[in-house]
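Asks: After the sequence you'll find the predicted model.
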Amino acid sequence: MNTSPIIDFFLGQGVPFTTVILILMLPIIATFIAFLRQVVGIKAFGIYAPLIVTFAFLATNGLKYGIAIFVTVIFSGMLMRFVLKPFRLLYLPRVAIMLTAVAILILGILVIGGEFKRTGLAAVSIFPILIMITIVEKFVAVQIEKGDKAAIVLAIETLVISILGFFIASSSTLIHFLALYPWAVLFTIPINIMLGKWTGLRVSEYFRFRKIMKNL
């Protein structure tokens, strides 16, 4: 693969090509998420959560395994909230217990994956698993503040954005482009400046207020 002198410099310093490309992908995915939030109106769990879940998906042995772990984390978080509700625990101890339950459940899933010869699932690295387990705290915080329905909606939006981000970051065309023109990521700065000055209605708001707009 032909690469830019900038990429060659990093490779010459011993930085792996995959690491360089993933770091260059970060501002692109972040800008994509910002666009979805500011223009389309998809909220998700902020910008950081879908960003790290996207990279967690890239680190798993296939998107389906990443989605399976994400769904397991969210489902176990919901289940444990109902189990712990009668105990009236403070926030941090409650989250700690939830994280323990999630960790045990995911360990069980990995064992099941090995039992059924799903070697890709059984061999998933600990780092993407830890990344997705951190989503539990976000999920619980939204549950407490806005209720179960809002938390589930934001979890689904986070999953959708992360899947889209996965396909963008794993695009061979984009990888080749960044290998040749790594400086192109600087264009994300003016794009985000424009997004930061966005004052129009979001796409979701057109659907939300369509009845009101028809009467104008």
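Replies: Good, I have the coordinates.
Asks: how about low-confidence regions in the protein?
Replies: Along the chain, the model assigns pLDDT under 70 to residues 1, 61, 114, 116-125, 203-216.
Asks: Strands along that one, start to end?
Replies: Under the criterion DSSP state E, the chain contains no strands.
Asks: can you give me how far stretch 64-77 is from the chain middle?
Replies: 12 Å (C-alpha atoms, centre = their mean, to the nearest Å).
Asks: quick one, helices of the protein?
Replies: With helices called from DSSP state H, the chain shows them at 5-12, 17-35, 48-59, 63-84, 91-115, 119-122, 126-133, 135-146, 148-169, 172-180, 188-196, 203-208, 210-214.
Asks: most tightly surrounded among the ones you listed?
Replies: Among the helices of the chain, ranked by average contacts under mean count of other C-beta atoms under 10 Å, first place goes to helix 48-59 (a mean of 22). No exception for glycine: its C-beta is placed from N, CA and C like everyone else's.
Asks: Which strands and helices lie in contact with it?
Replies: helix 17-35, helix 63-84, helix 126-133, helix 135-146, helix 148-169 (3 or more C-beta pairs under 8 Å, 6 or more residues apart in numbering; DSSP states H and E).
Asks: Relative to residue 188, which of the ones you listed is closest?
Replies: helix 17-35 (4.3 Å; C-beta to C-beta).
Asks: Show me what the closest one is in contact with.
Replies: 3, 7, 10-11, 44, 47, 50-51, 54-55, 58, 161, 164-165, 168-169, 174-175, 178-179, 182, 185, 188, 191-192, 195 (C-beta atoms under 8 Å, 6 or more residues apart in numbering).
Asks: again, but for stretch 47-65
Replies: Taking C-beta under 8 Å, 6+ apart as the rule, stretch 47-65 contacts 22, 26, 29-30, 33-34, 37, 44, 66-67, 69-70, 120-121, 123-125, 127-129, 131-132, 134-135, 138, 158-159, 161-163, 165-166, 169-170.
Asks: wait, what's in contact with the nearest residue to residue 103 once chain neighbours are set aside?
Replies: Using C-beta to C-beta, 6 or more residues apart in numbering and skipping residues adjacent in sequence, the residue nearest residue 103 is residue 133, 6.7 Å away. Going by C-beta under 8 Å, 6+ apart, residue 133 touches 73, 99, 102, 103, 106.
Asks: Make sure the first one is actually in contact with residue 136.
Replies: It stands for residue 73. Yes. Shown here, residue 73 and residue 136 form a contact pair, counting by C-beta atoms under 8 Å, at 5.9 Å.
Asks: Now the common contact residues for these two.
Replies: What both residue 73 and residue 136 touch, as defined by C-beta under 8 Å, 6+ apart, is the set residue 102.
Asks: What distance do you get for residue 185 to residue 32?
Replies: Distance, residue 185 to residue 32, using C-beta to C-beta, to the nearest Å: 12 Å.
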